[in-house]
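# This is the structure alone, sequence omitted:
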């Protein structure tokens with residue numbers, strides 16, 4: 001491990017310690033009371049749940065990288081299903097977890113020419129506006145309804161992951177009128193082949209309409225929308241896979257910010273949840289990137305699917321009152 005990595009990890013450790021100390025104030029305040037009755041009755045010290053949360057999110061960060069999914073997609077159903085936190089707080093933390101990863105990766109992706117600004121801006125305008133509506137709707141609905149809808153959505157994501165076929169370079173014979181008017185096209189350098197790839201998109205109106213639904217679901221469930229952005233950009237609109245992935249990551253830094261402010265403004269964000277979760281996901285992602293070079297991600301993908309299937313089923317059954 002290089003000296004730079006040691007300094008980076010030391011800095012994160014100090015930040016984690018500071019947040020743990022500061023979050024002790026929240027642990028004894030009225031804000032922490034609605035987290036869950038189980039937490040209030042537990043004999044565990046105040047730092048117990050943040051520590052467990054850090055360990056779990058660290059493992060989720062590793063699995064998320066290996067499985068090719070966003071951290072928010074794993075965070076919300078697993079933390080919401082197996083931790084004694086109210087679903088509103090879990091969704092607020094989930095948006096900030098996804099946002100942290102997007103803010104870390106977005107500028108670099110733009111600099112390398114992978115994320116395309118012209119493709120991202122119209123999508124971001126629609127998705128971020130709808131994410132605000134989704135966040136307000138999610139906070140207004142009863143927890144039972146949210147759990148049922150969340151469980152159904154997670155199971156839908158599992159189906160998409162099982163059936164979706166990735167296409168590195170979709171064939172777009174002709175750009176449609178809307179994408180031509182918006183000048184959505186570009187060239188990126190494929191490092192693996194040394195070639196410059198010219199690309200354009202089609203079915204733009206249908207794609208933008210789909211992002212209305214994606215934005216609402218992202219804000220309502222706090223999942224982030226990377227799981228849906230990539231298939232729409234790649235399979236429906238015809239953007240190359242790497243451009244779709246990079247643009248999706250950049251999009252999260254805009255759409256998740258809009259929805260996250262709604263949760264923050266309504267007091268649905270707890271520092272003692274958010275701080276260890278973000279640091280755990282980031283450190284886990286660093287380790288996951290290193291492991292990715294030596295691991296076949298196909299096997300891990302099915303592990304992720306199994307985890308989501310179990311967590312989604314539990315959320316659905318919890319909402320129906322079958323499994324509390």
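Thanks, I have the structure now. These numbers come from a predicted model, not from an experiment.
# From here on, just use CA atoms for contacts and neighbour counts.
Noted.
# burial of residue 210, as a residue count?
18 (other C-alpha atoms under 10 Å).
# For the helix or strand harbouring it, buried residues please.
Taking DSSP states H and E as the definition, residue 210 sits inside helix 204-221. Using 16 or more other C-alpha atoms under 10 Å as the test for burial, helix 204-221 gives 204, 207-208, 210-221.
# And stretch 144-153, by the same measure?
Using 16+ other C-alpha under 10 Å as the test for burial, stretch 144-153 gives 144, 146, 147, 148, 149, 150, 151, 152, 153.
# What of stretch 174-193?
Within stretch 174-193, the residues scored as buried using 16+ other C-alpha under 10 Å are 175, 179, 184, 185, 186, 188.
# picking up where we left off before, counting by contacts, list what the helix holding residue 210 packs against.
helix 87-111, helix 117-140, helix 177-181, helix 226-231, helix 241-265 (3 or more C-alpha pairs under 8 Å, 6 or more residues apart in numbering; DSSP states H and E).
# Show the average pLDDT along that helix.
In this model, helix 204-221 carries a mean pLDDT of 89.
# can you state the direction angle for it and helix 87-111?
If you take axes from the mean of the first three to the mean of the last three C-alpha atoms, to 10 degrees, helix 204-221 sits at 140 degrees to helix 87-111.
# just how off-centre is helix 204-221 within its chain?
15 Å (C-alpha atoms, centre = their mean, to the nearest Å).
# Name the residues that touch it?
The contact list for helix 204-221 (C-alpha atoms under 8 Å, 6 or more residues apart in numbering) reads 76, 91, 95, 122-123, 126-139, 146, 150, 176, 178-179, 223-225, 228-229, 232-233, 236-237, 255-256, 259-260.
# Stretch 186-201 too?
113-114, 116, 172, 174-176, 179, 184-185, 237-240.
# I'd like to know how many residues surround residue 251.
Neighbours of residue 251 using other C-alpha under 10 Å come to 30.
# Distance-wise, check it relative to residue 277.
Distance, residue 251 to residue 277, using C-alpha to C-alpha, to the nearest Å: 21 Å.
# Can you check which of the helices and strands packed on helix 204-221 gets nearest to residue 287?
helix 87-111 (14.1 Å; C-alpha to C-alpha).
# quick one, the closest one and helix 117-140 angle?
170 degrees.
# my guess is residue 241 meets residue 171, correct?
No. When contacts are counted by C-alpha atoms under 8 Å, residue 241 is not listed as touching residue 171 (11.7 Å).
# Tell me which of these two has more neighbours.
The neighbour count for residue 241 versus residue 171, taken as other C-alpha under 10 Å, is higher for residue 241 (19 against 15).
# my read: residue 149 touches residue 316, true?
Yes. Under the contact definition of C-alpha under 8 Å, residue 149 touches residue 316, with a separation of 7.3 Å.
# hang on, the earlier thing: can you put the contacts of stretch 186-201 in a markdown table and add distance to residue 57?
Shown next, in a markdown table, are the contacts of stretch 186-201 (distance: C-alpha to C-alpha, whole Å):
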| residue | distance to residue 57 |
| --- | --- |
| 113 | 30 |
| 114 | 28 |
| 116 | 30 |
| 172 | 39 |
| 174 | 44 |
| 175 | 42 |
| 176 | 42 |
| 179 | 39 |
| 184 | 37 |
| 185 | 37 |
| 237 | 33 |
| 238 | 33 |
| 239 | 31 |
| 240 | 31 |
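# now, which of those residues lie within helices?
Among those, DSSP state H puts residue 179 in helices.
# which one among the contacts of stretch 186-201 gets closest to residue 104?
residue 114 (14.8 Å).
# Model confidence score at that closest one, please.
Residue 114 is assigned 77 on the pLDDT scale.
# Next up, the contacts around the nearest residue to it once chain neighbours are set aside.
Nearest residue to residue 114 in three dimensions, chain neighbours excluded: residue 243, at 5.3 Å (C-alpha to C-alpha, 6 or more residues apart in numbering). Each residue near residue 243 by C-alpha under 8 Å, 6+ apart is listed here: 114, 115, 116.
# What residues does the second one make contact with?
With contacts taken as C-alpha under 8 Å, 6+ apart, residue 115 has the following neighbours: 106, 109, 243, 244, 245, 246, 247, 248, 250.
# For the stretch 51-200 of the chain, which residues score under the pLDDT cut-off?
The stretch 51-200 of the chain contains residues with pLDDT under 70 at 65-71, 161, 164-168, 191-192.
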